[in-house]
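1. Mind looking at a prediction? Sequence and model below.
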Amino acid sequence: MGTLASRVTVFASALCIVAGVLALYARSAILDGDRFADRAVSALAQDEVDEEIAARFAGALVERSPGLVTLRPALEAAAAEVAASPAFGARFGAGMRNVHRDIFGAGDPRPSLRVAGMTAQVQAALARRTPVLAQRLPPDADPSLMSIGSSGRERLLLEAAPRADGWSRLAPLALVLGLLGLALVALTARDGLWRSGIALAGAGGALLAGWIGARTLTLEGFDTSWGDAVVKTIWDAYLGDLRTWSLGVAGAGILIAAGAARTGSSDLPSWSQTPAPVRGVALLAAGSLVLADRELALDLAAVGAGGVLLYLGARHLLAGRTRVALAGAAVLAVSAAVAGVSGRPDHVPAAAASALKGTPAPATGARDSGARARPPAARSTGSSSGSPRICFASIQDARAAAEGASIPAGAVVKTMPDGRVCVRPG
């Protein structure tokens, strides 16, 4: 196989592998209704997600019944208590299955998330605290916590979603074609195995770069009451494993290329030997990216530098007579690690998530950026081991709520860095 033909085959094979991995992941994590719902339920382990649900619930009720505006702090506290209860996970999962059916089954032009019985549960939680306030809550249908289809981009996605299942069925074919193309190059071209390894590593790197870029743009395009924490949690619940898959593909390609590299030769492409038009386009793209989004440019540069360092380290490690055996063992180790990480219960079913939400929180008191276990069972019973937090836009709003008996006396008040005032019953 000639040089040009091998390069075209390598490039086309890498594209097939990228498309196949994306389609296979979508089929296993997104297009399956039960797994889609389970990943949503796993996000409930994060405090900020529960509080975002409570804020959306209270906001929807106040928008529908403006007379409840003075009860909003109490509504948010009761809704947060309900969202933290073990029974909520199953109801929330059922609501997400309905959303999945409407999106991918073209069941509703404007899919919305409603948790059955949430209004009644919030009313019961209010009745345990302040029966008078509970009587003011209208026994209407459960409000929508989220809807899709308000923007043109969302409507385009909804139109394409019903066809996603059919396209995803081509994932095995795309992967087989990509791997066969790389095998053909490895068997017929000079340095074919090295080129195939580089192509596989490039496919994994492209997936990882796309994952990082899409995550950054998503965080910049969405805003919630609790900032990036909610969006990051939801992103990681649905797409966190895709990052692991990408790393596995890139790692396998790096190891294959390093094991096939010729000892004593410099097989990395030289910048000076790259055609001038290619160099010009690369430099223009890099400069535009730096100007458009500096943080994203740094992230992508770090990914590229990390891949080169891993390749050089693996090449030195696999130099010598035992390179083939070591390369094979390393590929198997990477495959096993990826399979093990992908099989972790990061997206636990509703029953398991509900059990986790009843686990007592650690006694460290530290607040980190990841998902945290906390004691919702104690919050439901009103014990002192844990309690919901209520936040206000200003200290005046907090004082007004205290005067209206929306929050108990003796609560702990804390001013947040963004100016909000958060109250936790003492």
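-> Structure's in. What do you need?
2. The host helix or strand of residue 204 - contacts with which helices or strands?
-> Applying DSSP states H and E as the criterion places residue 204 in helix 192-221. Counting contacts by 3 or more C-beta pairs under 8 Å, 6 or more residues apart in numbering; DSSP states H and E, helix 192-221 packs against helix 3-25, helix 171-188, helix 228-260, helix 294-317. All C-beta atoms are positioned from the backbone trio N, CA, C, and that covers glycine.
3. Report the mean confidence score over stretch 316-334.
-> For stretch 316-334, mean pLDDT rounds to 61.
4. Okay, domains of this structure per the record?
-> The chain breaks down into these domains under automatic domain parsing: 8-179+355-360+373-384, 191-343, 389-426.
5. Export those domains as JSON lines, with columns for mean neighbour count and distance to residue 185.
-> Below are the domains of the chain laid out as JSON lines (neighbours: other C-beta atoms under 10 Å; distance: least, C-beta to C-beta, whole Å):
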{"stretch": "domain 8-179+355-360+373-384", "mean neighbour count": "18", "distance to residue 185": "5"}
{"stretch": "domain 191-343", "mean neighbour count": "16", "distance to residue 185": "5"}
{"stretch": "domain 389-426", "mean neighbour count": "15", "distance to residue 185": "54"}
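6. Lowest average pLDDT across those domains?
-> Minimum mean pLDDT among those: domain 389-426, a mean of 59.
7. what's the closest of the helices and strands packed on helix 192-221 to residue 36?
-> helix 228-260 (8.0 Å; C-beta to C-beta).
8. so the closest one versus helix 294-317, what angle?
-> 30 degrees (axes from the mean of the first three to the mean of the last three C-alpha atoms, to 10 degrees).
9. Which residue lies closest in space to residue 168, excluding its sequence neighbours?
-> residue 27 (4.1 Å; C-beta to C-beta, 6 or more residues apart in numbering).
10. Tell me the spacing between the one you found and residue 170.
-> Distance check for residue 27 against residue 170: by C-beta to C-beta, to the nearest Å, it reads 10 Å.
11. And residue 144, by the same measure?
-> Taken as C-beta to C-beta, the span from residue 144 to residue 170 is 35 Å.
12. same question, residue 40
-> Relative to residue 170, and taking C-beta to C-beta, residue 40 is found at 27 Å.
13. Repeat that for residue 177.
-> 10 Å.
14. residue contacts, the residue nearest to residue 205 when sequence neighbours are not counted?
-> Spatial nearest neighbour of residue 205, chain neighbours left out: residue 250 (5.1 Å); criterion: C-beta to C-beta, 6+ apart. Neighbouring residues of residue 250 by C-beta atoms under 8 Å, 6 or more residues apart in numbering: 200-201, 203-205, 207-208, 307.
15. now these in a markdown table, with distance to residue 233?
-> Rendered in a markdown table, the data for the contacts of residue 250 read as follows (distance: C-beta to C-beta, whole Å):
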| residue | distance to residue 233 |
| --- | --- |
| 200 | 31 |
| 201 | 30 |
| 203 | 28 |
| 204 | 25 |
| 205 | 26 |
| 207 | 22 |
| 208 | 20 |
| 307 | 28 |
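16. Out of these, flag the one nearest to residue 158.
-> Once C-beta to C-beta is applied, the member of the contacts of residue 250 that ends up nearest residue 158 is residue 207, at 25.1 Å.
17. Now the closest one. Nearest residue, chain neighbours left out?
-> residue 246 (3.7 Å).
18. Make sure the one you found is actually in contact with residue 212.
-> No: counting by C-beta atoms under 8 Å, residue 246 sits too far from residue 212 to count as a contact (9.5 Å).
19. about what we covered before: which of the contacts of residue 250 lies closest to residue 105?
-> Scanning the contacts of residue 250 for proximity to residue 105, where the rule is C-beta to C-beta, the winner is residue 207, at 28.0 Å.
20. all helices of the stretch 51-200 of the chain, in order?
-> 72-83, 86-104, 118-129, 131-135, 152-160, 164-168, 171-188, 192-221 (DSSP state H, counting those that start in this stretch).
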